[in-house]
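In: this one's structure only:
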């Protein structure tokens, strides 16, 4: 899950990728369209690359996972640019129907893969930025509780 700048530096411009990218049909288009935020072109290239993956007996079992993770990455990248966006404009940007977008996004939101809230009545998607400071605080509290539990268990073993 690289950010756009890292994607370009570590993948798109990497010599080891550039030497073999044309061996996979539509792979260059897939990477460049994701980097350039051309999401409708990205989804068309993703379908083509996924079809190529299903023809390979080693990659076929991973094609559904790859396709899903790439869609999550594209949706997240699109939503990072907005505080709120209409379902219709996002569907237009991806070249898909509003119903399909709503169906896919709702699954990803329910699985906590995409940080947003869908207001189906108003037709608006509102992004929710994860509070990293709060998450760090909760993680520290959790680790502290685990440490205290271990220390209490150790003190019981030593006192016995």
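Out: Good, I have the coordinates. On a predicted model such as this, the values are computed, not experimentally measured, just so you know. Numbering: from 1, shown residues only.

In: Could you use CA atoms for every contact and neighbour count after this?
Out: Noted.

In: In the protein, where's the longest helix?
Out: If each helix of the chain is counted by residues according to DSSP state H, the longest one is helix 132-159.

In: Just checking the distance from it to the centre of its chain.
Out: Distance of helix 132-159 from the chain centroid (CA atoms, centre = their mean, to the nearest Å) equals 31 Å.

In: which strands and helices sit next to it?
Out: Here helix 132-159 is seen to pack against no other helix or strand when contacts are counted using 3 or more CA pairs under 8 Å, 6 or more residues apart in numbering; DSSP states H and E.

In: Quick one: mean pLDDT over that helix.
Out: Per-residue pLDDT over helix 132-159 has a mean of 89.

In: do stretch 90-103 as well
Out: Averaging pLDDT along stretch 90-103 gives 94.

In: shift numbering so it begins at 57
Out: All set: I'll call the first residue 57, so the last point we hit is now stretch 146-159.

In: Now do that stretch: distance from first to last residue.
Out: 13 Å (CA to CA, to the nearest Å).

In: What lies in contact with it?
Out: Contact with stretch 146-159 is made by 94-97, 99, 143-144, 174, as judged by CA atoms under 8 Å, 6 or more residues apart in numbering.

In: how about residue 186, secondary structure?
Out: When classified by DSSP: H, G, I helix; E, B strand; the rest coil, residue 186 comes out as coil.

In: list the contacts for the closest residue to it other than its chain neighbours?
Out: Counting by CA to CA, 6 or more residues apart in numbering, the nearest residue to residue 186 once its immediate chain neighbours are dropped is residue 171, at 7.3 Å. With contact set as CA under 8 Å, 6+ apart, residue 171 has these partners: 132, 165, 183-186.

In: same thing with residue 116?
Out: Taking CA under 8 Å, 6+ apart as the contact definition, residue 116 lies against 109-110.

In: how close does it get to residue 170?
Out: Distance check for residue 116 against residue 170: by CA to CA, it reads 25 Å.

In: Residue 65 now?
Out: With distances defined as CA to CA, the gap from residue 65 to residue 170 amounts to 24 Å.

In: Neighbour count for the two, which is higher?
Out: Relative neighbour count places residue 170 above the other of residue 65 and residue 170, with 21 against 11, counting by other CA atoms under 10 Å.

In: correct me, but the more buried one touches residue 125?
Out: No: the pair residue 170 and residue 125 fails to qualify as a contact (CA atoms under 8 Å) at a distance of 10.9 Å.

In: picking up where we left off before, would you turn the contacts of residue 171 into CSV with distance to residue 215 and neighbour count?
Out: Below are the contacts of residue 171 laid out as CSV (distance: CA to CA, whole Å; neighbours: other CA atoms under 10 Å):
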residue, distance to residue 215, neighbour count
132, 53, 17
165, 49, 15
183, 53, 19
184, 49, 14
185, 48, 10
186, 44, 10
